[in-house]
Each structure stands twice: as C-alpha cells, then as structure tokens.
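J.: missing the sequence, but the structure's below:
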C-alpha cells in the first residue's frame, strides 16, 4: 500500500520535472527569437536586403554580407558533403573495423570537439598565409569545410549504419557490384540522415564568427571572386554590436540570419518529406 | 558429371570463425527439379544456399573449403565473376525484402544494374517477371506505388519476380513462406511448380509438409551434416535413417 503511494508520488514528480525541462527549453528558445525578431524586424525593408552597407554599416543595407554568408556556406557545404559522405561510405562499406577505421573515427570525434577558433587559427596559418590565399572566400570556405566535416561524417555514418542489412544483401544477390550497391541501395536510403548532417553543417557555417574573421576577413566591399575577402552576416552582427556602431542594424542583421536559418530548415524539411513519402 | 546435373557440391565445408557449420557436404542437384533442403534450425541450410551464390562472401568470419560446380564450373575458382554468378543463381530470403522503391523499380532493379536502360524493354521484363511470379494481375494498376504497401504475400512474390527479372538458371528460396498465411503460401507453392518448367529450384521449406507438397527430391540436414538424400516420396514415406524418421514424425525439432 505504502510502496504504491511512493510509486505514485515518484511518478508525479518525474512527470513534473520532465514537463518543466521541456517548458524551460521552449521558453528560452522563444525568448531569444522574440528578443531578436521584435527588435530586428521593424528595421527590415527591401532596401535593407539589396543595399550595400554604408559608413561601416551604420547606414545602408547588408547585401554584401548576405552574399558573403551564402558564398562561404555554399563553398563549405559543396566541398564537405562529398568528402564527408565519401568517408562515411569508406568506413561502412569499403573497410572492415580495423586500425585505419578506428583512427579515422577517433580523429573525427576529436575534431568535432575542437573549438572553432582553433580551426580559424589553422585556416589563418595554413590557407591564408602558407598557401597564400589571403583573407578570402576560398580560405574561409575551406576552413569551414574542415569545421563541419566531422558532423557530416558522423551523421552520414549513422545513417548508413541504420540501413537494414537486407537492402545490401538484396542488391548484391541481384548481381550488384559494390559501387552499384552504394549508389542504388545505400545512398538513397541514407539520404535523409545525410541531409540532416548537411543542415547541421549549414547552421554551423552560417553562425560561425571567430574563425571567419581570421580567414575571410571582414571587408564590406562586394566580393568579385573566390579570392576576395568578405564579411558574413554573423561577423557583421558581431562588429556592429561590439564596436557600438549601430544596435538597430545589428538587430536587423540578426533577424535576417534567423529568418535565413528558418527558411533553409523549412525548405529542407519539405523536400525531405516529399522524398520520404515517395518511397514508403 | 552427367547430363542433367546442374549443381554439384563436392566435399564442401563452411565455418563461422572456428565453428564448422557445414561438414563435408556432397550433393547433386539436377536441372529443372525442385530440391528441398530441410532440417531443424541451425543445421546449415541457409549457409549452404548462400554458399551457392557466394553471398557468404559478405558475412565477416565465414570461410569454406571444398568445391561447388555450377554447370561443371567451380564457382570458388578465383577467376569466377561473382556478379555474373549471382545473376545466374538468384535468391529469395526468408522475410520479404522489398527495397523502398516502387513495385516497378523493385523488379527493374536487377536489369538496371545489368545496364538495361530502355523504358519499353524494362516494362517488358517487369511484366513478364510479375506474370511468372503470379503477381501481375494484383499489381498491374499500382506499378508505381511503393512496394512497401503490398501485403506480405505479395511482397514475397515481388521478391521472386525481382529475381526472375534476371532470368536466372537457379532459384534459391530460404523459407520463403515463413512469414505468410496459408493462402499466400499456397499461391507461392503454385508459382514454384510453374517455374520448375524453366529453371532449377532449391527450396528450404519452412516445414516438412511444404517439402512433401512441392519437392521432387529432398535432403535432410542435421547440425551441418547431410543425413539423407532421396526422392521426396521415399524420404517422407520410408526414410532410411533413424534421425530423419524421428524428425519427420515430429519426435524432435
């Protein structure tokens, strides 16, 4: 009887704590969104998107920083996705559990935990100075590539691991070669997981600041090639707020950043759901 | 080797790491017969099937010795083209394994890997295969629906059609009816009897009754050993070995 009461009480407390945890998380998230968007959205108008910054960003828009963000992120994702997915396929399909695969896995796990400023320092020394790329989209994009690779490898590997072994067996039993099996049976079924990793990578790239200042600079001039220095929105936000140039413009930039991330996530989700629905 | 011998298994042993799961098997399977391999769980039946199209190559830790001849050619010869072998010796697994693709794409999977791209040619193959697997009438209006929406029995016949699309010479089925109801089972058995006219069938039945219903000849396996082989009629009416008799009459297993 008594133990029943205790059990009932424990149950109530556990339920309360879990609700509290969920509520707090959601509350914090909405508070941040509300704070940035309520201050930032009033600043937004069409000119804010299409005009280039004037007088250090105190006036004008943020067009060149939007281009900077998109260019860096696109470059990072375009390089990191094939590399990362390729590595994951190598680890899962082309090699048995061995010393090499353990070293690769250990390496990626370590890289995943390294603070981004360290990547920035590496990018600065290696790409900017040693390879003489200067502060540029190329140097910044490759630095971001190194930064998001571990995430992409890890999620792609998990996705490949969770594919039922029967798919592989069926493909081989129908006379598929290893490559055909990878192309037709593995990648299509791992795609949702791979995309998740890419989106995480995009999120990290868009939000990165420190490593980008070190490798892509913070120029407000409109970039003309891969070797142009650029400023991303996150860097712009940081400089505007940090140097007290204009909190108003900083909030506007922040709002655009948040909206961009929401947009990318929504589009990816819609495409992914359509893809999954077609297959099941 | 005589005229009608399709597969000759010669002193074949297989090991999972150090455990021997097949013990010096000698067996001949004739062309265009239904040959049933039965026995209790863990007697090596599945390993034997997977050895015949070298799917065992994919299982880490499996090694083997001895020879298996298909049409007189040793498939364990290092020069053997494994993908060619697997196209000739098709396999259907114990649980339906449709790929998450449409009905059409499931059947066309093998031919596409083979390099057939032409839509009309693929359509021909898909229709012929689905007809041979006695599934065409049920799915002809939903070829582009996901195969995962078919019933279990339909999925298993789809898997048979998918193998038939490669025009194999040997069809191996590993307890193809284990997850199916009696009606689906009957339609698959009917399919097999029809297919026998065209190709050689190796069947691991999910029970003794199935073996007696469809098999021409049959072999009883126990703990990796081939105990007895003969016509289905002889084995099921007058087994020579005491262990076979005990198993058939349900004394163990």
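T.: Received, thanks. On a predicted model such as this, the values are computed, not experimentally measured, just so you know.

J.: quick one, strands of the stretch 51-200 of chain B?
T.: B:62-70, B:73-74, B:89-92, B:170-174, B:200-204 (DSSP state E, counting those that start in this stretch).

J.: what would these look like in CSV with mean neighbour count and distance to chain A?
T.: Every residue, glycine included, has its C-beta placed from N, CA and C. Below are the strands of the stretch 51-200 of chain B laid out as CSV (neighbours: other CB atoms under 10 Å in any protein chain shown; distance: least, CB to the nearest CB, whole Å):
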stretch, mean neighbour count, distance to chain A
strand B:62-70, 17, 13
strand B:73-74, 13, 17
strand B:89-92, 26, 5
strand B:170-174, 24, 9
strand B:200-204, 24, 14
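
J.: what about these, which gets the closest to residue A:52?
T.: Smallest distance to residue A:52 across the strands of the stretch 51-200 of chain B (CB to CB): 64.0 Å, for strand B:89-92.

J.: the residue positioned nearest the centre of chain B and residue A:121, how far apart?
T.: Centroid check for chain B by CA atoms, centre = their mean gives residue B:172 as the closest residue, at 1.3 Å. To residue A:121, residue B:172 is 59 Å away according to CB to CB, to the nearest Å.

J.: stretch B:161-171: how far from the chain's middle?
T.: 10 Å (CA atoms, centre = their mean, to the nearest Å).

J.: same check on stretch A:272-280?
T.: For stretch A:272-280, the distance to the chain centre is 23 Å (CA atoms, centre = their mean).

J.: buried stuff in that stretch?
T.: Within stretch A:272-280, the residues that count as buried by 16 or more other CB atoms under 10 Å in any protein chain shown are residue A:279.

J.: what's the average pLDDT for that stretch?
T.: In this model, stretch A:272-280 has a mean pLDDT of 82.

J.: just stretch B:162-175 next, same as before
T.: 93.

J.: one more: stretch A:144-161?
T.: 94.

J.: and the gap between the closest residue to residue B:139 other than its chain neighbours and chain A?
T.: If the residues on either side of it in the chain are set aside, residue B:139 comes closest to residue B:103, at 5.2 Å by CB to CB, 6 or more residues apart in numbering or on different chains. For residue B:103, the distance to chain A equals 12 Å [CB to the nearest CB, to the nearest Å].

J.: packing partners of the helix or strand encompassing residue A:149?
T.: Element membership of residue A:149, judged by DSSP states H and E, is helix A:137-161. For helix A:137-161, the packing partners by 3 or more CB pairs under 8 Å, 6 or more residues apart in numbering or on different chains; DSSP states H and E come out as helix A:63-89, helix A:99-113, helix A:116-123, helix A:187-207, helix A:210-216.

J.: what are the buried residues along the longest helix seen in chain A?
T.: The residue-count maximum for a helix in chain A (DSSP state H) belongs to helix A:2-40. Neighbour counts over helix A:2-40 (16+ other CB under 10 Å) mark A:36-37, A:39-40 as buried.

J.: between these, which is nearest residue B:189?
T.: Of all those, residue A:37 has the smallest distance to residue B:189: 65.6 Å, by CB to CB.

J.: excluding chain neighbours, what is closest to residue 58?
T.: Since no chain was named, I'll use chain A. residue A:246 is the one closest to residue A:58 (CB to CB, 6+ apart), at 5.0 Å.

J.: let me rephrase: I mean chain B.
T.: Once flanking residues are discounted, residue B:58 sits nearest to residue A:172: 6.1 Å by CB to CB, 6+ apart.

J.: what bits of the chain have low per-residue confidence?
T.: With no chain named, the answer covers chain A. Across chain A, the ranges flagged by pLDDT under 70 are A:1.

J.: switch to chain B, that's the one I care about
T.: Looking at chain B by pLDDT under 70, you get B:1-3, B:252-253.

J.: again, only using 80
T.: Applying pLDDT under 80 to chain B flags residues B:1-3, B:179-180, B:251-253.

J.: show me where it has helices.
T.: B:45-52, B:82-88, B:103-113, B:119-132, B:136-139, B:152-164, B:182-195, B:208-214, B:232-237, B:242-248.

J.: ok, back up a step: how close does the residue nearest to residue B:58 sit to residue B:159?
T.: In terms of CB to CB, residue A:172 sits 14 Å off from residue B:159.

J.: quick one: name the residues of the stretch 1-150 of chain A near chain B.
T.: Within the stretch 1-150 of chain A, the positions near chain B by CB under 8 Å from any CB of the partner chain are residue A:96.

J.: quick check: residues of chain B near chain A?
T.: B:53, B:55, B:58, B:60, B:83-84, B:86-87, B:90-91, B:93, B:95, B:97, B:99-101, B:109-110, B:112-114, B:146, B:148-149, B:159, B:162-163, B:166.

J.: now the residue nearest to residue A:58: how far from residue A:219?
T.: 18 Å.

J.: more neighbours, these two?
T.: Per other CB atoms under 10 Å in any protein chain shown, whichever of residue A:246 and residue A:219 has more neighbours is residue A:246, with 19 against 16.

J.: I figured that one hits residue A:57, correct?
T.: Yes: judged on CB atoms under 8 Å, residue A:246 makes contact with residue A:57 at a distance of 6.5 Å.

J.: mutual contacts of these two, please.
T.: Here residue A:246 and residue A:57 have residue A:240 as joint contacts, going by CB atoms under 8 Å, 6 or more residues apart in numbering or on different chains.

J.: returning to what we had before: who has more neighbours out of residue A:172 and residue B:159?
T.: Under the neighbour definition other CB under 10 Å, residue A:172 and residue B:159 were set side by side, and residue B:159 has more, 27 against 23.

J.: quick one: contacts for that one?
T.: Contacts for residue B:159 (CB under 8 Å, 6+ apart) come out as A:170, B:92-93, B:96-98, B:176.

J.: same thing with residue A:63?
T.: Applying CB under 8 Å, 6+ apart, the residues contacting residue A:63 are A:49-53, A:222.

J.: grab the nearest non-local neighbour of it.
T.: residue A:52 (5.0 Å).

J.: then residue B:89?
T.: residue B:53 (4.0 Å).

J.: surely that neighbour is in contact with residue B:85?
T.: Yes: counting by CB under 8 Å, residue B:85 is a contact partner of residue B:53 at 5.9 Å.

J.: ok, the two, which is more surrounded?
T.: Shown here are residue B:53 and residue B:85; by other CB under 10 Å, residue B:53 has more neighbours (25 against 17).

J.: next one: phi and psi at the more buried one?
T.: phi -120, psi 20 (degrees, to the nearest 10).

J.: pretty sure residue B:232 contacts residue B:210?
T.: No: judged on CB under 8 Å, residue B:232 makes no contact with residue B:210 at a distance of 10.7 Å.

J.: overlap in contacts of those two?
T.: residue B:36.

J.: and the closest residue to residue A:162 other than its chain neighbours, how far from chain B?
T.: Among residues not flanking residue A:162 along the chain, residue A:193 sits closest, at 7.2 Å (CB to CB, 6+ apart). Between residue A:193 and chain B the computed distance is 14 Å (CB to the nearest CB).

J.: quick one: contacts for residue A:193?
T.: For residue A:193, the contact set (CB under 8 Å, 6+ apart) comprises A:155-156, A:158-160, A:162.

J.: quick check, the residue in the stretch 101-250 of chain B closest to chain A?
T.: In the stretch 101-250 of chain B, no residue comes nearer to chain A than residue B:110, which is 4.0 Å away by CB to the nearest CB.

J.: residues near that residue, how many?
T.: Using other CB under 10 Å: residue B:110 sits among 27 other residues.

J.: ok, residue B:117 next?
T.: Neighbours around residue B:117, by other CB under 10 Å: 9.

J.: wouldn't residue A:119 be in contact with residue A:149 here?
T.: No: Residue A:119 is beyond contact range of residue A:149, at 10.2 Å (criterion: CB under 8 Å).

J.: residues of stretch A:84-95 that come out buried?
T.: A:84-85, A:87-89, A:91-92.

J.: related to what we said a few turns ago, need the winner for burial among the helices and strands packed on helix A:137-161.
T.: Highest mean neighbour count of the helices and strands packed on helix A:137-161: helix A:210-216, a mean of 26 (counted as mean count of other CB atoms under 10 Å in any protein chain shown).

J.: this completes my enquiry, with thanks.
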